[in-house]
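Asks: Give me a 3D structure for the following:
(chains A and B)
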Amino acid sequence: MQIKMFFTYNKNMLTIVFRAVIIYLVVLFLYRLMGKRQLGQMQPFELVLTLIIADLATIPMAEVSVPVLHGIVPLLTLVVLHFILTYLSKLSGKFSAFLSGKPVIVINPDGIDYKAIKNLNISVDDVFEAIRGCGYFSIEQVQYAIMETNGKMSVLPKSEFAPVTVQDMKLEIEESCVPVNIINEGKIVKENLEIAGIKLEDVNKILNKANIKKVKDVLILTVDKNGAVYVQQFGQKFQTLQIKPLGQVEA
Amino acid sequence: MTKVGWFKLISLIAIVGVLIAICVVEDRLVINSLSNVKDYCYDIEVAIEKNGGIVNGEVASLVDNMEYSWKQDESSLCFMVNHKSIEALGIEIVRLKTYINEEEDVEFLTSLEIIKSYVETFQHFMGASFHNIL
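Replies: Residues are numbered from 1 along each chain as shown, chains lettered A, B, ... in the order given. Below you'll find the model as predicted:
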């Protein structure tokens, strides 16, 4: 009897319960559709989307006079917009850079690049905090620090401060260097060819050496200045190759 | 394309389809229901003029029909429109019936004008216009 009374006089609450379930399922579906990304890994436009979705979802959930569609329609619209922006940023590197920015080197072998950190609107303290977060408590330990587009700092330590140091191993190794991304998801990153000092035909030679026929089959291909190549095809295991140092590539 | 890729593409197409369908259905529903109310208002005015007052079977019948028609449309509109935005129209239609019973011609005509005004206002703010977008 009491249960019957509850359902008779608490229709509003019951409506809210059902609305919460519907909106939860819709938001869950949309997030699964957009892919797995943690909050800290999001690009700026993804973060904006997440904040708006969280806000939109709560309005029709709590306000019974607002139709559920008033929450669902903007959610669906934002997801479509997200896909369009993602597609366009994959299509054009310039658009991607406009939307998400570019990774910026904030510490180079000469020290902190003050102009770069000013452009990023961060302070020297923020740089120190970020490199401490990467496990390096002195700037002297850092060869390069790069502020990624998702706001995280990537640190390349100087060789002697790498987790297993040269001194520990008593080995002679070459200076650390940043591998350059030459092919990314089946597309040649043309601006990096110039940075790496290699030509388009050199890339083909590398692919031939790795027994890869087409550029579009390559998920990732990086080369460092010592000629160490890392290449992985879609759906296959990576392989590493050694070529002549950059600028002197030969198959 | 991978299975996940196909799933995403199909989902995206389905979402765009759903959005288009919702927009079209809402537009049609709002236009039809508001036009119905507007038509009834003009018919009632003609009936009042013809019969010389509000106390007659024709006006009463038209008000009943308008109330029935609006209730039908209102339940559909609640899927698309904020209920609080349209409840005033229903209240005003119910008042018309009371004014007929109490033979209050002036109040009846005022209420009828209010309904017409509501309809025009709703047609203005429910449509997709430059003003509404901004």
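
Asks: quick one: is stretch A:77-92 near chain B?
Replies: Yes. Stretch A:77-92 reaches chain B (C-beta under 8 Å from any C-beta of the partner chain) through A:77, A:79-80, A:83. For the C-beta atoms, the positions are set from N, CA and C on the backbone; glycine is no exception.

Asks: which of the residues in that stretch are buried?
Replies: A:78-79, A:82-83, A:85-86, A:89 (16 or more other C-beta atoms under 10 Å in any protein chain shown).

Asks: what's the closest non-adjacent residue to A:Gly101?
Replies: Nearest non-adjacent residue to A:Gly101, counting by C-beta to C-beta, 6 or more residues apart in numbering or on different chains: A:Thr149, 4.9 Å away.

Asks: circling back to that earlier point, can you tell me which of the buried residues of stretch A:77-92 end up in strands?
Replies: Using DSSP state E, no member of those falls in strands.

Asks: Of those, which belong to helices?
Replies: When those are checked against helices (DSSP state H), the matches are A:78-79, A:82-83, A:85-86, A:89.

Asks: Columns distance to A:Glu201 on top of those residues, output as a markdown table?
Replies: Putting these into a markdown table (distance: C-beta to C-beta, whole Å) gives the following:
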| residue | distance to A:Glu201 |
| --- | --- |
| A:Leu78 | 44 |
| A:Val79 | 42 |
| A:His82 | 38 |
| A:Phe83 | 36 |
| A:Leu85 | 34 |
| A:Thr86 | 32 |
| A:Ser89 | 29 |
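
Asks: nearest to chain B, of those residues?
Replies: Nearest to chain B among these, counting by C-beta to the nearest C-beta, is A:Phe83 at 5.5 Å.

Asks: Any figure for the gap between the residue nearest to A:Gly101 and A:Glu46?
Replies: 11 Å (C-beta to C-beta, to the nearest Å).

Asks: could you list every residue that touches whichever residue of chain A sits closest to chain B?
Replies: At 4.3 Å from chain B, A:Ser65 is the closest residue in chain A, using C-beta to the nearest C-beta. A:Ser65 makes contact with B:82-84, according to C-beta atoms under 8 Å, 6 or more residues apart in numbering or on different chains.

Asks: How confident was the prediction at it?
Replies: As predicted, A:Ser65 sits at a pLDDT of 81.

Asks: same deal with A:Met5?
Replies: In this prediction, A:Met5 has a pLDDT value of 58.

Asks: again with B:Phe122
Replies: So, for B:Phe122, pLDDT stands at 77.

Asks: go on, A:Tyr230?
Replies: pLDDT, A:Tyr230: 91.

Asks: burial count for the residue nearest to it when sequence neighbours are not counted?
Replies: Spatially, and ignoring its direct neighbours in sequence, A:Tyr230 is nearest to A:Thr222 (4.8 Å; C-beta to C-beta, 6+ apart). Neighbour count for A:Thr222, taken as other C-beta atoms under 10 Å in any protein chain shown: 19.

Asks: and A:Thr222, which of the three is it?
Replies: strand (DSSP: H, G, I helix; E, B strand; the rest coil).

Asks: Now do it, the pLDDT please.
Replies: 91.

Asks: show me what contacts it?
Replies: Neighbour list for A:Thr222: A:179-182, A:229-231 [criterion: C-beta under 8 Å, 6+ apart].

Asks: CA atoms only for stretch A:123-138 - export them in PDB, please.
Replies: The C-alpha trace of stretch A:123-138 is given here as PDB (Å, rounded to 0.1, in the frame of the first residue of the first chain):
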ATOM      1  CA  SER A 123      55.700  31.600 -15.300                       C
ATOM      2  CA  VAL A 124      59.200  30.200 -14.600                       C
ATOM      3  CA  ASP A 125      57.700  28.700 -11.400                       C
ATOM      4  CA  ASP A 126      55.200  26.800 -13.600                       C
ATOM      5  CA  VAL A 127      58.000  25.400 -15.700                       C
ATOM      6  CA  PHE A 128      59.900  24.300 -12.500                       C
ATOM      7  CA  GLU A 129      56.700  22.700 -11.100                       C
ATOM      8  CA  ALA A 130      56.200  20.800 -14.400                       C
ATOM      9  CA  ILE A 131      59.700  19.500 -14.600                       C
ATOM     10  CA  ARG A 132      59.600  18.500 -10.900                       C
ATOM     11  CA  GLY A 133      56.400  16.600 -11.800                       C
ATOM     12  CA  CYS A 134      58.500  14.700 -14.400                       C
ATOM     13  CA  GLY A 135      61.100  13.700 -11.700                       C
ATOM     14  CA  TYR A 136      63.700  16.400 -12.400                       C
ATOM     15  CA  PHE A 137      64.400  18.800  -9.500                       C
ATOM     16  CA  SER A 138      67.100  20.800 -11.200                       C
END
